[in-house]
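Trainee: Need a 3D model of the following:
(one chain, ligands or ions: 3)
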Amino acid sequence: MSRVLVLNCGSSSLKYRLFDVPATGEPLVVATGTVEQIGERVPGAPHDHAEALAAAMSDLPLDGLTAVGHRVVHGGLMFSTPALVDDAVVAAISDLVPLAPLHNPANLAGIEVARALLPGIPQVAVFDTAFHRTLSPAASTYAIDAETAERYGIHRYGFHGTSHAIVSRRTAALLGRPLDEVNTITLHLGNGASACAVEGGRSIATSMGLSPLEGLVMGTRSGDLDPAIIFHLHRVAGMPFAEIDNLLNRRSGLVGLAGVNDMRTLLTRRAAGDRAAALAFDVYCRRIRSYVGAYYAELGRLDAITFTAGVGENAPAVRAAALAGLDRLGIAVDPARNDTPERGARVISPPDAPVAVCVVPTDEEWEIASQTLGVVAGGAA
Ligand SMILES: Nc1ncnc2c1ncn2[C@@H]1O[C@H](COP(=O)(O)OP(=O)(O)O)[C@@H](O)[C@H]1O
Ligand SMILES: CC(=O)OP(=O)(O)O
Ligand SMILES: [Mg+2]
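Mentor: Ligands and ions are numbered 1, 2, ... in the order given. Below you'll find the model as predicted:
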């Protein structure tokens, strides 16, 4: 039996899950929790990740702990597999902070605190970017001056890799087919959102790029836009770059268009006739449809489209609208199957449709736990 603690430190939140993993059979979730508003000066809120983690850990049964697995968002070009944390790995993750300023500092804080509180327990970093290290040069290269790109690490890294990995595997399992024979477009629609084309288990295209800002419309992030917008805002509106950065990362997407980043509230407002909410919904779903078309073309043959994460798993209206009008491509959503209260992995396209449209719950925490155990068992410790 192994016991693994998984930590996912966001900029102002800490999510944790503790698993007991028997040698054979199903893993058991012993404890799970979320601490929010870290550092937000709210009465009772923890001041920093150290305080949040120490409080959470004091309530957890950590005796016999085998390892701690950490979600690390940016692994750059260096990490194509999970890494046993030592000082060199910590330094490498620090070096990548400029590429993921919203995410890597919090991930590092989690690692530092866990190392201090649990000395001697192996710590493993599992990177969002690792799954996308299979992108071809043509898929990962931005068409800018090659020397500049090389010098400054301008490259499509891609994110949400643990989610795209586990969800594409579970899609193949749901369809009862070997992973290496299945081509899937996975749509991770949470607070952050990204699309991935997975060819026989390998990522060949993904919508996030240098940072988690590119691609789909998100809760607070713009996704794709004309880069000239940034220069225009700087020159014409006189906005400093830090303000534009904040605008695109925190005041855009659904919140920028309709004032709310929660899809549930957006859907309620849209149903009540709110025009800003309706437009935000249309922009959000249209962007998804564009990526489905592009990735269908990249894959050449498409077996499945899978929705996952908070919005993907729980918003039938988004699934239906994003794939509307694609019947000629063999893509259709069955209204009754789409709208059931069912929660597990399931197919929502009509029977015998050429492309299986699926809903598969993501489980990044379990994927991180199992990769962590793989590193520890692999003797890398
Ligand atoms: N029942 C629901 N209907 C529509 N959207 C939902 C529902 N439940 C959750 N969501 C959406 O899922 C989002 C969060 O997704 P999640 O995958 O938990 O995000 P993250 O892990 O990135 O914080 C919420 O912002 C909310 O918009
Ligand atoms: C990479 C990323 O966007 O992560 P999240 O969805 O957790 O913000
Ligand atoms: Mg998530």
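
Trainee: CA only for contacts and neighbour counts going forward, please
Mentor: Noted.

Trainee: Report the separation between residue 241 and ligand 2.
Mentor: Relative to ligand 2, residue 241 is positioned 21 Å away (Cα to the nearest ligand atom, to the nearest Å).

Trainee: Now do the contacts for that residue.
Mentor: In this structure, residue 241 makes contact with residue 234, judged by Cα atoms under 8 Å, 6 or more residues apart in numbering.

Trainee: all strands of the stretch 151-300 of the chain, in order?
Mentor: Applying DSSP state E, counting those that start in this stretch to the stretch 151-300 of the chain gives strands spanning 183-189, 193-199, 202-206.

Trainee: Now mean neighbour count, distance to ligand 1 and mean pLDDT too, for those strands, in JSON lines please.
Mentor: Formatted as JSON lines, the entries for those read as follows, by neighbours: other Cα atoms under 10 Å; distance: least, Cα to the nearest ligand atom, whole Å; pLDDT from 0 to 100:
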{"stretch": "strand 183-189", "mean neighbour count": "28", "distance to ligand 1": "7", "mean pLDDT": "98"}
{"stretch": "strand 193-199", "mean neighbour count": "27", "distance to ligand 1": "8", "mean pLDDT": "98"}
{"stretch": "strand 202-206", "mean neighbour count": "25", "distance to ligand 1": "17", "mean pLDDT": "98"}
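
Trainee: Adding distance to residue 375, write those out as a markdown table.
Mentor: Formatted as a markdown table, the entries for the strands of the stretch 151-300 of the chain read as follows, by distance: least, Cα to Cα, whole Å:
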| stretch | distance to residue 375 |
| --- | --- |
| strand 183-189 | 26 |
| strand 193-199 | 24 |
| strand 202-206 | 20 |
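
Trainee: nearest to residue 140, of those strands?
Mentor: strand 202-206 (8.0 Å; Cα to Cα).

Trainee: Run through the neighbouring helices and strands of that closest one.
Mentor: Where contact means 3 or more Cα pairs under 8 Å, 6 or more residues apart in numbering; DSSP states H and E, strand 202-206 is packed against strand 193-199.

Trainee: which helices and strands does the strand it packs on pack with?
Mentor: strand 183-189, strand 202-206, helix 275-299.

Trainee: and the last one, average pLDDT?
Mentor: For helix 275-299, the mean pLDDT works out to 98.

Trainee: between that helix and strand 193-199, how many degrees?
Mentor: Angle of helix 275-299 versus strand 193-199, following axes from the mean of the first three to the mean of the last three Cα atoms, to 10 degrees, is 20 degrees.

Trainee: Other residues contacting helix 275-299?
Mentor: Outside helix 275-299, the residues touching it (Cα under 8 Å, 6+ apart) are 183, 185, 195-197, 199, 205, 207, 216-218, 253-254, 257-258, 266-267, 269-270, 302, 318, 321-323.

Trainee: Can you mark which positions in it are buried?
Mentor: 276-278, 280-281, 283-289, 291-292, 295-296, 298-299 (16 or more other Cα atoms under 10 Å).

Trainee: closest to ligand 2 out of the strands of the stretch 151-300 of the chain?
Mentor: The closest of the strands of the stretch 151-300 of the chain to ligand 2 is strand 193-199. By Cα to the nearest ligand atom, the value is 6.0 Å.

Trainee: which parts of the protein sit against ligand 1?
Mentor: Contact residues of the chain with respect to ligand 1, defined by Cα under 6 Å from any ligand atom, are listed as 190, 191, 192, 262, 263, 264, 309, 310, 311, 314, 315.

Trainee: okay, residue 180: pLDDT?
Mentor: We note a pLDDT of 98 for residue 180 in this prediction.

Trainee: How much space separates it from residue 168?
Mentor: Between residue 180 and residue 168 the computed distance is 11 Å (Cα to Cα, to the nearest Å).

Trainee: what do the two both touch?
Mentor: Common neighbours of residue 180 and residue 168, using Cα under 8 Å, 6+ apart, are residue 201.

Trainee: Compile the helices and strands packed on strand 193-199 into TSV and extend it with columns for distance to ligand 2.
Mentor: As requested, those are arranged in TSV below (distance: least, Cα to the nearest ligand atom, whole Å):
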stretch	distance to ligand 2
strand 183-189	8
strand 202-206	12
helix 275-299	16
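
Trainee: Of the ones you listed, which is nearest residue 135?
Mentor: For residue 135, the closest of the helices and strands packed on strand 193-199 is strand 202-206, at 4.8 Å, according to Cα to Cα.
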